[in-house]
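Student: Here's my sequence, what's the structure:
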Amino acid sequence: MAVFGLLAAALGVVGLVSPDALLTLMGFDPIPDGSRADGDHTLVFLTASSMAALNMGVYYSLAALADWKPFFRWTVPFRLLTCAVFTLAVITGRAPTGFLGVGLWEGLGALTTWAALRHEDRARKEAAA
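Tutor: Next up is the predicted model:
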């Protein structure tokens with residue numbers, strides 16, 4: 001949780017400070033300044049998404065510091081859903097192949113969180129027995 005939180009917050013800051021760097025990281029070709037068509041709201045969307053990532057990163061980091069297990073559990077199905085949606089975006093051609101990494105990161109994070117929670121639950125039950 002802490003690692004995901006810190007990475008999400010860091011990438012949110014990158015998107016706010018250097019949107020082109022974040023676009024490149026996700027497999028999109030940035031458009032040079034002054035070359036955007038009227039009505040192109042890519043930077044507005046990127047700003048909103050980056051701010052959401054920054055906030056989410058802080059939430060995850062605070063939950064990790066508080067060792068808030070219910071929050072950890074709640075993230076698993078929604079991160080799996082995010083993985084599925086982002087992966088389908090690549091498969092259907094709505095996003096470039098580089099964007100697949102974002103979906104896989106979410107899926108791997110969800111599975112790792114689920115496995116860690118399961119391991120802790122089993123260890124706790126064994127210690128109580």
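Student: Show me what counts as buried in stretch 31-44.
Tutor: By 16 or more other C-beta atoms under 10 Å, stretch 31-44 has no buried positions at all. C-betas here are computed from N, CA, C, even on glycine.
Student: Alpha carbons only: can I get that stretch in PDB?
Tutor: Taking Å, rounded to 0.1, in the frame of the first residue of the first chain, the C-alpha atoms of stretch 31-44 are listed here in PDB:
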ATOM      1  CA  ILE A  31       1.900  17.300 -28.900                       C
ATOM      2  CA  PRO A  32       4.300  20.200 -29.000                       C
ATOM      3  CA  ASP A  33       3.200  23.500 -27.300                       C
ATOM      4  CA  GLY A  34       1.100  25.600 -29.600                       C
ATOM      5  CA  SER A  35       0.200  22.600 -31.900                       C
ATOM      6  CA  ARG A  36      -3.000  21.500 -30.100                       C
ATOM      7  CA  ALA A  37      -6.200  22.000 -32.000                       C
ATOM      8  CA  ASP A  38      -9.000  24.200 -30.600                       C
ATOM      9  CA  GLY A  39     -11.100  22.100 -28.400                       C
ATOM     10  CA  ASP A  40      -8.300  19.700 -27.500                       C
ATOM     11  CA  HIS A  41      -8.800  19.200 -23.700                       C
ATOM     12  CA  THR A  42      -6.000  16.600 -23.200                       C
ATOM     13  CA  LEU A  43      -4.100  18.800 -20.800                       C
ATOM     14  CA  VAL A  44      -7.300  19.500 -18.800                       C
END
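Student: for that stretch, what is the average pLDDT?
Tutor: On average, the pLDDT along stretch 31-44 is 83.
Student: Please state the offset of that stretch from the chain centre?
Tutor: 24 Å (C-alpha atoms, centre = their mean, to the nearest Å).
Student: ok, which stretches of this protein are helices?
Tutor: 2-17, 19-25, 42-66, 69-91, 100-128 (DSSP state H).
Student: can you redo the ones you listed as TSV with distance to Ile31?
Tutor: Output for the helices of the chain, formatted as TSV (distance: least, C-beta to C-beta, whole Å):
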stretch	distance to Ile31
helix 2-17	15
helix 19-25	8
helix 42-66	7
helix 69-91	20
helix 100-128	20
